[in-house]
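Chemist: Fold the following.
(2 chains)
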Amino acid sequence: MVKLMQNLKLMRSISGYIFSGLLLLCFLPSVYGQDTLRTYGPRIGLNLAPIVGYFSDPQVLGAEASLDFELFPNVYPVFELGYSSMADSLDEVSYHSGGGYAKLGIDYNFLDLKDRSQHHAITAGFRYGSSIFKHRAENITVESDYWGDYFIDSYENNLNGHWIELVGGITAEIAKNFFIGWTVRYKILLNPDMDPQMIPLLIPGYGDGSLNRVFGFTYSVLYKIPIIKK
Amino acid sequence: MKHVVLLYTLLLLLTSCATQEVCDDDDQSYMVARFKTLENDGLVGDTILSGMSIYGIREGKADSLLYDLLSMSKAELPLDPNNDISRFVLNNGISIDTLFLTHSSEVYLINYTCGFASRFTLEQYTSARGWIKDLELRDGKIDAELETDEEHLWIYF
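Modeler: Purely as a prediction, here's the structure:
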């Protein structure tokens, strides 16, 4: 019951945050001047969400950066690059997984801003993600009551995971060329049978390899290099 | 400050989503051998053998009966994950024979709670030609993850 109350509180505080974020977006246009020039340039982002993994159990260490550009009005091709790894000693298995990943996709901005100099955005888009990683288990015991247990020092495999992400997000320009943004992602694993002998506990960039569908999120700070004004 | 709160709440949400897996008791793979007879008219029939005892030949270990004086129409035999051959002695008190099975195996992770198990592919099967008349392979894949009512080998007496 106490946990339920905590969850309700959490949901309320999150929805409160989303609501105030949306309000912020509504009021921001009046704060800025009436400059009708729009700034274009590559935008570099650092995803802070992997910090959460540092506190989770098992600990997942990682980093992720993004690069996007408003190529056409409201259309943002996005490239994301990251690394993550984990190690865990479970009841029966000592396990490690780690590697790099890249995601390529497009975001579309649905927010209709009257002032061209504003860059806030409510986006929907998709990514194709791919990860090259290695996972390894150590001190493997195969139990056999009758013949006697069978021991293997280690099992490891180099793997390549593929997945698709449906992405929704909000980006707000909090200072000139500086942004904060978050996204929620629904990820669909394309090759869940990449290792029939050992399902990966972590596919870098995706998450738990035993689940064919997972949710993810990012929370990023971004800087746009203002190259073009028109 | 708000962002710190957001991060913290997301952290709590994520950690509460961790799933708990439960380990089944028996995750070992057994080879299922069904006992058959060949009738005079050439038809194949099931048979029940009484007084059956079966044990595996274990190097450096005392014999230990898998089945002890039972009436049975099939036997579930564990294969040896340490070797690529398993040998079983079948005895009904009157006749006796030895079954030789060669197999390849690979380990696989059941899940992170249960750990690893072996699954086998039956490659060769023969008997000492004492009592067993013939052997017929039905399904060479022996894997606890697959159907449990699978029959892998028919033994003709």
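
Chemist: Which stretches in the chain count as strands?
Modeler: With no chain named, the answer covers chain A. Remark: strands assigned in chain A by DSSP state E are A:39-40, A:43-47, A:60-68, A:75-89, A:94-109, A:121-142, A:150-175, A:178-189, A:213-224, A:228-229.

Chemist: hmm, I had chain B in mind actually
Modeler: Taking DSSP E, the strands of chain B run over residues B:30-38, B:44-46, B:49-56, B:65-72, B:74-78, B:85-91, B:96-111, B:115-127, B:134-137, B:141-142, B:153-156.

Chemist: who wins for proximity to B:F100 among the strands of chain A?
Modeler: Ranking the strands of chain A by proximity to B:F100 (CB to CB) places strand A:150-175 first, at 20.0 Å. For every residue, glycine as well, the C-beta is placed using N, CA and C.

Chemist: show me the contacts for B:T121.
Modeler: Neighbouring residues of B:T121 by CB atoms under 8 Å, 6 or more residues apart in numbering or on different chains: B:103-105, B:140-142.

Chemist: Same check on B:S127?
Modeler: By CB under 8 Å, 6+ apart, B:S127 lies in contact with B:97-100, B:135.

Chemist: cutoff 10 Å now
Modeler: Residues near B:S127 by CB atoms under 10 Å, 6 or more residues apart in numbering or on different chains: B:88, B:90, B:97-101, B:133-135, B:155-156.

Chemist: what stretches of chain B score poorly on pLDDT?
Modeler: Chain B contains residues with pLDDT under 70 at B:1-26, B:147-149.

Chemist: Report how many residues lie close to whichever residue of it sits closest to chain A.
Modeler: For chain B and chain A, the shortest gap (CB to the nearest CB) falls at B:G115, measuring 2.8 Å. By other CB atoms under 10 Å in any protein chain shown, 20 other residues sit near B:G115.

Chemist: again, but for A:F110
Modeler: Neighbours of A:F110 (other CB under 10 Å): 10.

Chemist: Can you report how many residues lie near the residue in chain A that chain B sits nearest to?
Modeler: Here the residue of chain A nearest chain B is A:E92; by CB to the nearest CB that distance is 2.8 Å. Neighbours of A:E92 under the rule other CB under 10 Å: 20.

Chemist: Of the contacts of B:T121, just say which sits nearest to A:L46.
Modeler: For those, the nearest to A:L46 is B:S105 (47.2 Å; CB to CB).

Chemist: Kindly write the ChimeraX command that selects the buried subset of the contacts of B:T121.
Modeler: Filtering the contacts of B:T121 down to the buried ones (16 or more other CB atoms under 10 Å in any protein chain shown) takes a single ChimeraX command:
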select /B:103,105,142
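
Chemist: which among the contacts of B:T121 gets closest to A:Y40?
Modeler: Out of the contacts of B:T121, the member with the shortest distance to A:Y40 (by CB to CB) is B:K141, at 59.1 Å.

Chemist: B:E59 reaches B:S86, doesn't it?
Modeler: No. B:E59 sits out of contact with B:S86 when judged by CB atoms under 10 Å, with a separation of 11.3 Å.

Chemist: Pull up the overlap in contacts between those two.
Modeler: By CB under 10 Å, 6+ apart, B:E59 and B:S86 have these common neighbours: A:147, B:80.

Chemist: related to what we said a few turns ago, now the strands of chain A in TSV, please, with extra columns for mean neighbour count and mean pLDDT.
Modeler: Listed next are the strands of chain A as TSV, based on neighbours: other CB atoms under 10 Å in any protein chain shown; pLDDT from 0 to 100:
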stretch	mean neighbour count	mean pLDDT
strand A:39-40	18	91
strand A:43-47	19	97
strand A:60-68	18	96
strand A:75-89	18	95
strand A:94-109	19	96
strand A:121-142	19	95
strand A:150-175	16	95
strand A:178-189	19	96
strand A:213-224	17	96
strand A:228-229	11	89
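
Chemist: which residues sit in contact with the residue most central in space within chain B?
Modeler: Centroid-nearest residue in chain B: B:Y30, 0.9 Å away (criterion: CA atoms, centre = their mean). Taking CB under 10 Å, 6+ apart, we find B:Y30 in contact with B:75-79, B:120, B:142, B:144, B:148, B:150, B:152.

Chemist: Switch those over to a markdown table; also include distance to B:Y67.
Modeler: What follows is those, written out as a markdown table (distance: CB to CB, whole Å):
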| residue | distance to B:Y67 |
| --- | --- |
| B:A75 | 6 |
| B:E76 | 9 |
| B:L77 | 9 |
| B:P78 | 12 |
| B:L79 | 16 |
| B:F120 | 20 |
| B:I142 | 18 |
| B:A144 | 20 |
| B:T148 | 18 |
| B:E150 | 19 |
| B:H152 | 17 |
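
Chemist: returning to that earlier point: B:E59 and B:S86: who's more crowded?
Modeler: For B:E59 versus B:S86, neighbours defined as other CB under 10 Å are more numerous around B:S86 (24 against 10).

Chemist: need the contact list for that one.
Modeler: B:S86 sits next to A:146-147, B:31, B:56-58, B:77-80, B:99-103, B:120, B:122 when contact means CB under 10 Å, 6+ apart.

Chemist: one more time with 8 Å, if that's ok
Modeler: Counted by CB under 8 Å, 6+ apart, B:S86 has contacts A:147, B:56, B:77, B:79-80, B:101, B:103.
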